[in-house]
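S.K.: Compute the structure for the input listed below.
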Amino acid sequence: MIAPDLESAIDRLRELVEDARVILPFTGAGISTECGIPDFRSPGGLWTKNKPIPFDEFVSSQEMRDEAWRRRFVLEESFARAKPGRGHLALASLHRAGKAPALVTQNIDNLHQNSGFPAEHIVELHGNTTYATCLDCATRYEMGWVRKKFDAQRRAPDCPACGGYIKSATISFGQSMPAEPMQRAENLTNACDLFLAIGSSLVVWPAAGFPLMAKQNGAGLVIINREPTEFDGIADLVVRQDIGDVLAPFIAH
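M.R.: As a prediction, this is how the structure comes out:
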């Protein structure tokens, strides 16, 4: 069912939320665009301006590591000033109400944590861009430290502990998906009776397989996204309205 208008969408979503026992929100870049963080595929998105740097190029080329960090610091202001939007706050409210015990996200912006959703109950499939790690010894480095070294050297710093390459704690194209978050996401998907896919184009696999997995396991499926997705035909509710407008009524005040 494609909701014909915003009011109908909110009414039907409220019914599904009230009837659900365990809700699993699954979020993509679309939930953060109202916060000033651009998405990837839309006109004007990040990937229309810069082709992504694959993982193998990052590890094989100092030039690519330098470029990856240059791009990251260009975006620093957007990430630093971004505050949780209405969608983030609504999902945090559902958690506090006991409806959404956990959340799975493709996002790397830390806004779910900042909204009050407990970090230990957030599964980050694609990592987190607010800190960095050494690819060899996994030592964590804060962004301020990396930025200071980068500005001083005009090149990507290496790990002082082991000499390995330091990378933002995100998953790049060609980099292996982290096994533990993927397993957690699968377990949560199989345990829910309502799956909310919010702001995701649902084209990046294997993460895009979770809505299908939920539906096949008997859960209800809601897709809230401005553009059509390939799973709209199996969803119980499809909403192509502004995400913040749709979820704002679910914020507990």
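
S.K.: can you give me how far stretch 72-92 is from the chain middle?
M.R.: Centroid separation between stretch 72-92 and its chain, computed with CA atoms, centre = their mean, to the nearest Å, is 11 Å.

S.K.: Below-threshold pLDDT in the chain: ranges please.
M.R.: For the chain, the stretches with pLDDT under 70 are 39-50.

S.K.: all helices in it, in order from the N-terminus.
M.R.: Ranges of helices in the chain, per DSSP state H, are 6-19, 46-49, 55-60, 62-74, 76-81, 86-96, 111-114, 143-153, 179-191, 209-216, 243-247.

S.K.: Among those helices, which comes closest to Asp136?
M.R.: Of all the helices of the chain, helix 55-60 sits nearest to Asp136, with 10.3 Å by CB to CB. The C-beta positions use only the backbone N, C-alpha and C, and glycine is treated the same way.

S.K.: and the residue most central in space within the chain, what does it touch?
M.R.: Nearest to the mean C-alpha position of the chain, by CA atoms, centre = their mean, lies Asn107 at 1.8 Å. Going by CB atoms under 8 Å, 6 or more residues apart in numbering, Asn107 touches 27-29, 31-32, 124, 126.

S.K.: and if we set it to 6 Å?
M.R.: 27, 32 (CB atoms under 6 Å, 6 or more residues apart in numbering).

S.K.: so how far is Asn114 from it?
M.R.: 12 Å (CB to CB, to the nearest Å).

S.K.: Kindly report the same for Leu6.
M.R.: In terms of CB to CB, Leu6 sits 26 Å off from Asn114.

S.K.: So between these two, which is more surrounded?
M.R.: A count of neighbours by other CB atoms under 10 Å puts Asn114 above the other of Leu6 and Asn114, at 17 against 13.

S.K.: Was I right to think that one contacts Pro84?
M.R.: Yes. Using CB atoms under 6 Å, Asn114 makes contact with Pro84 at a distance of 5.1 Å.
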